[in-house]
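Undergrad: this one's sequence-less:
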């Protein structure tokens, strides 16, 4: 049976609230996700929160009921609470009706099976959580094998990244690693490393992509370091007809990923 | 000569700060833009702030000098201030070295010349300022004729939208209008209205786009109303291979816009 908690001072509420900060996520290796659609997608993918908070008014919704049952079956705790507490936890005035505390997850590089997909996304020193979440959402859409984060990237389990991913955090594997181990793993099997660059004449539509393609996107402000570009099998550029010299990183990744997808699907 | 202002209570500082709120932007028809690169792009495009705030330490930078000169030549005011005041104005800890108060601008529908470009972006009930700014940035990159905002959209002059546009607000014309006048204007000349939809089997890569193409993107959560879809000359979909049923709105617009661009460039 779900218990009721309405006090901000309750330790479970305080712990959940603390996960909005990176420091507390790192300590507990837990994170927050909110929204009935996203939590249902997580559940269907086999990810159930340790702690589920749900609004009393939503208790009759069959998908909320399914979440409560799944949480209790897995030994977690379902907590009925108020819209006020949910708003406090989500940091938004208009809080969703459910919010879950999940254990972090994610494979290691060695656990990735590169034959799973013809497209893999790789981002280095990605700074913006919205961009990270959007890349995951795009990765889900193109059937990418995963998103590999290289170097000091923003936390994929931050509230903003989880929100922007619209649930794709639960469907697209995310690996955090460094450049040297990534390159070593990459070269241990088949795979074309394709870098998005401004310093090439190779148009992205005229290039030919192999299977699997690893699409490397550099830091939002600086692009990728020269030695990363030098390690690529292919550098391509997206035409820029205006005054600006670059696209948003998540947009550029998506334009590239859909070109690769179109070629691979024939 | 620039004057020095370091007090938060100064009326010019307070007015600039107030422009972070929509209500004050609407009253004064002014907005904020920040960053040396963006303000320089604005200046080169003929847009000079009414009031320019710059950090004392940056006074020797030639581009800051050029901005100060341009502001003073146009009858505006250049104000030397502190990093603290700039942070207060921008709402960020790490403030840019320059920040300007600009008069709002933008053509009417009737003033648009549709022969200017083969690609036009149209968004209806767009809610997210980051999406709006990112669409402008993409619009700049594909050489779009402009961005037409239909219905209750987020304010293109909000701090977040200006920031996400990375200066494209100053290079891509933005029109705010309603559906009926938009449709009337559209049908008064050549132009194919192409809607992004989930309810069609027409793949976006297999479709053929006319000149000019007007790319219509619906609301982030709901897509476009049925009667808007019915008014389109063509509905197309972007393949979704994963669990999610939609892309981020700015991403979807970009994938479409680059396909249209590739076809139009042959």
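TA: Thanks, I have it. A quick note: this is a predicted structure, and the numbers were derived from the prediction, not measured.
Undergrad: SS state for residue A:110?
TA: When classified by DSSP: H, G, I helix; E, B strand; the rest coil, residue A:110 comes out as helix.
Undergrad: State the number of residues packed around residue A:54.
TA: A count of neighbours around residue A:54, defined by other Cβ atoms under 10 Å in any protein chain shown, yields 26. (Each C-beta comes from the backbone N, C-alpha and C, glycine too.)
Undergrad: Next, the contact list for residue A:190, please.
TA: Residues near residue A:190 by Cβ atoms under 8 Å, 6 or more residues apart in numbering or on different chains: A:114, A:210-212.
Undergrad: Quick check: phi and psi on it?
TA: According to degrees, to the nearest 10, the main-chain angles of residue A:190 amount to phi -70, psi 150.
Undergrad: Going by residue numbers, what spans are helices in the stretch 51-200 of chain A?
TA: Listed in chain order, the helices found in the stretch 51-200 of chain A under DSSP state H, counting those that start in this stretch are A:62-73, A:83-90, A:129-142, A:159-165, A:179-186.
Undergrad: rank those by mean pLDDT and give me the bottom one.
TA: Comparing mean pLDDT across the helices of the stretch 51-200 of chain A, the weakest is helix A:83-90, with a mean of 92.
Undergrad: Could you list every helix and strand that that one packs against?
TA: Judged by 3 or more Cβ pairs under 8 Å, 6 or more residues apart in numbering or on different chains; DSSP states H and E, helix A:83-90 is in contact with helix A:11-18, strand A:30-34, strand A:51-55, strand A:98-103.
Undergrad: Could you export those to JSON lines, including columns for mean pLDDT and distance to residue A:254?
TA: As requested, the helices and strands packed on helix A:83-90 are arranged in JSON lines below (pLDDT from 0 to 100; distance: least, Cβ to Cβ, whole Å):
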{"stretch": "helix A:11-18", "mean pLDDT": "95", "distance to residue A:254": "32"}
{"stretch": "strand A:30-34", "mean pLDDT": "97", "distance to residue A:254": "22"}
{"stretch": "strand A:51-55", "mean pLDDT": "96", "distance to residue A:254": "32"}
{"stretch": "strand A:98-103", "mean pLDDT": "97", "distance to residue A:254": "26"}
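Undergrad: if we can go back for a sec, quick check: which of the helices of the stretch 51-200 of chain A is buried the most?
TA: Each of these was scored by mean neighbour count; the highest is helix A:129-142, a mean of 27, by mean count of other Cβ atoms under 10 Å in any protein chain shown.
Undergrad: how far off helix B:129-142 does that one point, in degrees?
TA: Following axes from the mean of the first three to the mean of the last three Cα atoms, to 10 degrees, one obtains 70 degrees for the angle between helix A:129-142 and helix B:129-142.
Undergrad: Can you give the distance of helix A:129-142 from its chain's centre?
TA: Once both centres are worked out by Cα atoms, centre = their mean, to the nearest Å, helix A:129-142 turns out to sit 6 Å from its chain's centre.
Undergrad: related to what we said a few turns ago, filter the contacts of residue A:190 to the buried ones?
TA: A:114, A:210, A:212 (16 or more other Cβ atoms under 10 Å in any protein chain shown).
Undergrad: Surely the first one is in contact with residue A:145?
TA: Meaning residue A:114. Yes. Contact between residue A:114 and residue A:145 holds when scored by Cβ atoms under 8 Å: they sit 6.6 Å apart.
Undergrad: Common neighbours of the two, please.
TA: Both residue A:114 and residue A:145 are contacted by A:120, A:212, under the criterion Cβ under 8 Å, 6+ apart.
Undergrad: hmm, back to that, kindly reformat the helices of the stretch 51-200 of chain A as a markdown table containing distance to residue A:41.
TA: Below are these laid out as a markdown table (distance: least, Cβ to Cβ, whole Å):
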| stretch | distance to residue A:41 |
| --- | --- |
| helix A:62-73 | 11 |
| helix A:83-90 | 17 |
| helix A:129-142 | 10 |
| helix A:159-165 | 10 |
| helix A:179-186 | 28 |
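Undergrad: Read off the pLDDT value for residue A:241.
TA: With respect to pLDDT, residue A:241 has a value of 97.
Undergrad: Kindly report the same for residue A:245.
TA: In the predicted model, residue A:245 carries a pLDDT score of 87.
Undergrad: residues contacting it?
TA: Taking Cβ under 8 Å, 6+ apart, we find residue A:245 in contact with residue A:198.
Undergrad: The one 4 residues further on now?
TA: Taking Cβ under 8 Å, 6+ apart as the criterion, residue A:249 is in contact with A:123, A:126, A:128, A:131, A:135, A:217-218, A:220.
Undergrad: give me that answer again for 6 Å
TA: Residue A:249 makes contact with A:131, A:217, A:220 under the criterion Cβ atoms under 6 Å, 6 or more residues apart in numbering or on different chains.
Undergrad: So the second one sits against residue A:123, correct?
TA: Okay, so that is residue A:217. Yes. With contact defined as Cβ atoms under 6 Å, residue A:217 and residue A:123 form a contacting pair (4.9 Å).
Undergrad: that older thread, Throw the buried ones among the contacts of residue A:190 into TSV and include pLDDT and distance to residue B:229, thanks.
TA: Formatted as TSV, the entries for these read as follows, by pLDDT from 0 to 100; distance: Cβ to Cβ, whole Å:
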residue	pLDDT	distance to residue B:229
A:114	97	40
A:210	97	38
A:212	98	36
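Undergrad: Among those, which ones lie close to chain B?
TA: Checked against chain B using Cβ under 6 Å from any Cβ of the partner chain, those yield no neighbours at all.
Undergrad: Which single one of these is nearest to chain B?
TA: Each of the buried ones among the contacts of residue A:190 was checked against chain B using Cβ to the nearest Cβ; the closest is residue A:212, at 14.7 Å.
Undergrad: Contacts for stretch A:34-43 next, please.
TA: With Cβ under 6 Å, 6+ apart, stretch A:34-43 has contacts from A:63, A:67, A:70, A:90, A:96-100, A:167, A:170, B:243.
Undergrad: what does the stretch 1-150 of chain A put close to chain B?
TA: A:41, A:134, A:137-138, A:140-141, A:143.
Undergrad: between residue A:217 and residue A:123, what contacts are shared?
TA: Overlap of the contact sets of residue A:217 and residue A:123 (by Cβ under 6 Å, 6+ apart) is empty.
Undergrad: Report the angle between the biggest helix by length in chain A and helix B:129-142.
TA: With DSSP state H applied, the helix covering the greatest number of residues in chain A is identified as helix A:249-264. Inter-element angle recorded for helix A:249-264 and helix B:129-142: 60 degrees (by the same axes, to 10 degrees).
Undergrad: Run the chain-centre distance for helix A:249-264.
TA: 17 Å.
Undergrad: To residue A:224, which of the helices and strands packed on helix A:83-90 lies closest?
TA: When the helices and strands packed on helix A:83-90 are ranked by distance to residue A:224, counting by Cβ to Cβ, first place goes to strand A:30-34 at 27.6 Å.
Undergrad: Following that closest one in sequence, what is the next regular element?
TA: Past strand A:30-34, further along toward the C-terminus, the next helix or strand under DSSP states H and E is helix A:36-44.
Undergrad: tell me how far that following helix is from the chain's mean position?
TA: On the basis of Cα atoms, centre = their mean, helix A:36-44 is displaced by 15 Å from the centre of the chain it belongs to.
Undergrad: ditto for stretch A:180-196
TA: A distance of 21 Å separates the C-alpha centroid of stretch A:180-196 from that of its chain, computed with Cα atoms, centre = their mean.
Undergrad: How about stretch A:162-176?
TA: Here the centre of stretch A:162-176 is set off from its chain's centre by 3 Å, with Cα atoms, centre = their mean.
Undergrad: Name the residues that touch that stretch?
TA: Contact partners of stretch A:162-176, identified using Cβ under 6 Å, 6+ apart, comprise A:33, A:38, A:41-42, A:45, A:47, A:106-107, A:109, A:130, A:133-134, A:136-137, A:139-140, A:146-149, A:156, B:242-244.
Undergrad: gap between the two ends of that stretch?
TA: Across its full length, stretch A:162-176 reaches 16 Å between end residues, using Cα to Cα, to the nearest Å.
Undergrad: got the buried residues for it?
TA: Going by neighbour count (16+ other Cβ under 10 Å), the buried part of stretch A:162-176 is A:162-176.
Undergrad: Strands - which of these land there?
TA: When DSSP state E defines the strands, the subset of the buried residues of stretch A:162-176 inside them is A:174-176.
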